[in-house]
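J.: Sequence and predicted structure below; questions after.
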Amino acid sequence: FLSAHDFCRIGTEHEKFGFEFKTLRPITYKQVSALLNAIAVRFDWDKIMEGDNIIGLKQNKQNISLEPGGQLELSGAPLKTLYQTCDEINSHLYQAKTVAEEMGIGFLGLGFQPKWGLKDVPGGPKARYNIMQKYFHEIGSPGTESLFMTCSVQVNLDFSSEADMIRKMRASLALQPLATALFANSPFKEGVPNGYLTLRSLKMGQIDKHRSGILPFVFYDNFGFEQYVDYALDVPMVFVYRKNKYIDCGGMSFRDFMAGKLPAISGQMPTLADWENHLTTIFSEVRLKRYMEMRGADGGPLDMLCALPAFWVGLLYDEVSLQNVLDMISDWTPENIQNLRNEVPITGLRTQLQGRMLLHIAEDVLKWAKDGLDRRGLNESIFLNPLKEVVTSGLTQADKLLNLYNKKWRNNIDVVYKERCY
């Protein structure tokens with residue numbers, strides 16, 4: 001058995017929109033390429049290439065990657081404390097901003113592209129995303145918008161055993177709509193309010209019924225690793241990677257692949273790397289790999305990027321807090337949770353569950369998260385302060401932005417690029 005010290009690691013990832021200061025337009029791949037090359041030289045990162053194109057950077061256990069719509073993503077190292085993960089985010093933003101500002105580029109902390117339409121967002125050279133775009137188009141999914149026009153923050157957390165995974169998966173899936181509400185930060189589209197507090201969450205929920213949602217089978221009595229593998233085996237494949245090239249799989253299943261029946265590479269059998277690649281195309285609210293990914297939150301300002309890992313660490317890495325959550329959700333059905341997930345993008349913390357407003361549930365959950373962090377003895381609960389403000393005021397980032405847009409900004413969306421620039 002691993003000790004808590006060994007397995008309770010924290011890996012934070014976040015995306016941000018690059019934009020030109022002068023035009024506010026999304027940055028092109030040519031600009032991203034120059035940005036990545038400059039960061040590599042100045043701050044000693046190794047380049048990640050796809051053919052002749054730079055598509056990311058690597059330094060120790062951190063990665064910076066180019067996302068489909070030119071978003072820049074930091075995938076952080078597995079760290080031991082919230083101070084370390086927040087310092088890592090700060091360091092990354094300092095490096096990115098130092099280079100970007102010299103190029104006339106800024107970075108925006110929102111969950112959805114606020115001004116420009118899909119046609120205005122430049123594509124990139126990453127083959128996997130081009131294949132994914134084709135796949136979503138063919139199945140009639142709004143997934144292209146999810147790829148090109150959204151930014152999120154997520155935290156990756158460990159489990160110590162199958163039993164530990166089951167408890168954490170149930171708790172985190174049930175509370176993911178609450179996290180979505182607390183971090184709602186995508187109320188604009190094409191320059192005007194879009195009718196939602198988190199349009200990113202809405203779009204992610206529509207991406208593909210086979211690979212998104214709250215995974216109701218997690219709440220069944222027989223759930224475990226085997227049941228998750230059975231689910232993932234039947235999720236349609238998007239691509240396979242062979243000889244430094246991504247190959248379109250046309251929606252065949254991994255189960256077909258294991259039987260040697262993948263037409264694109266007929267007769268070949270999968271490797272563990274193929275399985276790990278396949279798991280990255282599952283977009284459920286919590287994604288299970290060798291660790292768990294909390295995926296329900298919009299991207300946002302720096303203090304909210306640090307608040308997300310604090311929220312989940314306080315709940316899932318503390319036995320008392322975790323049990324409090326499990327006790328609370330014991331009579332929630334998968335239908336309750338799915339309905340909550342469907343309604344939260346519109347009504348946020350005002351959403352009702354079993355006659356109780358989500359805001360009041362948030363008060364209890366946030367107290368448990370604080371107590372859990374306090375029991376770690378590292379003075380980490382200060383990272384929850386932005387969420388305390390949300391719960392106390394009842395106003396999310398999205399609510400505040402809409403108030404500003406309607407009053408102080410006089411319906412001018414351009415101001416958001418100044419107000420939410422890192």
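T.: That came through fine. Residues are numbered from 1 along each chain as shown.
J.: Let me know the helix or strand that the residue of the chain positioned farthest from its centre is in.
T.: Ranked by distance from the centre of the chain (Cα atoms, centre = their mean), the top residue is Gly267, with 35.2 Å. Gly267 belongs to no helix or strand when elements are defined using DSSP states H and E.
J.: Nearest residue to it in space, please, no chain neighbours.
T.: In space, and not counting its chain neighbours, Gly267 is closest to Gly260: 5.2 Å by Cβ to Cβ, 6 or more residues apart in numbering. Bear in mind the C-beta positions are built from the backbone N, C-alpha and C, glycine included.
J.: Using the three-state scheme, assign the one you found.
T.: coil (DSSP: H, G, I helix; E, B strand; the rest coil).
J.: burial measure for it, as a count.
T.: Neighbour count of Gly260, defined by other Cβ atoms under 10 Å: 12.
J.: which helices and strands does the helix or strand where Thr12 lies pack with?
T.: Applying DSSP H and E as the criterion places Thr12 in strand 10-20. Packing partners of strand 10-20 (3 or more Cβ pairs under 8 Å, 6 or more residues apart in numbering; DSSP states H and E): helix 29-43, strand 72-75, helix 82-102, strand 105-108, strand 152-157, helix 302-316.
J.: Can you lay out these as a markdown table showing mean neighbour count?
T.: As requested, these are exported to a markdown table (neighbours: other Cβ atoms under 10 Å):
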| stretch | mean neighbour count |
| --- | --- |
| helix 29-43 | 17 |
| strand 72-75 | 22 |
| helix 82-102 | 18 |
| strand 105-108 | 22 |
| strand 152-157 | 25 |
| helix 302-316 | 25 |
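J.: Turn these into a markdown table, columns for distance to Pro122 and mean pLDDT.
T.: Putting those into a markdown table (distance: least, Cβ to Cβ, whole Å; pLDDT from 0 to 100) gives the following:
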| stretch | distance to Pro122 | mean pLDDT |
| --- | --- | --- |
| helix 29-43 | 6 | 98 |
| strand 72-75 | 14 | 98 |
| helix 82-102 | 16 | 98 |
| strand 105-108 | 13 | 98 |
| strand 152-157 | 20 | 98 |
| helix 302-316 | 25 | 98 |
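J.: all helices in the stretch 251-400 of the chain, in order from the N-terminus.
T.: For the stretch 251-400 of the chain, the helices defined by DSSP state H, counting those that start in this stretch cover 254-258, 272-279, 302-316, 319-328, 334-347, 358-376, 385-393, 397-406.
J.: and the angle for the last one with helix 302-316?
T.: In this structure, helix 397-406 runs at an angle of 160 degrees to helix 302-316, with axes from the mean of the first three to the mean of the last three Cα atoms, to 10 degrees as the basis.
J.: how about the nearest residue to Ala171, chain neighbours excluded?
T.: Sequence neighbours aside, Val325 is the residue nearest to Ala171 in space, at 4.4 Å (criterion: Cβ to Cβ, 6+ apart).
J.: What residues does the one you found make contact with?
T.: Ala171, Ala174, Leu175, Leu315, Val365, Trp368 (Cβ atoms under 8 Å, 6 or more residues apart in numbering).
J.: Select from these the one having the most neighbours.
T.: Leu175 (29 neighbours).
J.: Assumed it was part of a helix.
T.: Yes - secondary structure of Leu175 (three-state DSSP): part of a helix.
J.: wouldn't it be in contact with Leu315 here?
T.: Yes - in this structure, Leu175 is within contact of Leu315 by Cβ atoms under 8 Å, at 7.3 Å.
J.: joint contacts of these two?
T.: The contact sets of Leu175 and Leu315 overlap at Val325, Val365 (Cβ under 8 Å, 6+ apart).
J.: Turn the helices and strands packed on strand 10-20 into TSV, columns for distance to Asn379.
T.: Below are the helices and strands packed on strand 10-20 laid out as TSV (distance: least, Cβ to Cβ, whole Å):
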stretch	distance to Asn379
helix 29-43	29
strand 72-75	24
helix 82-102	9
strand 105-108	29
strand 152-157	19
helix 302-316	12
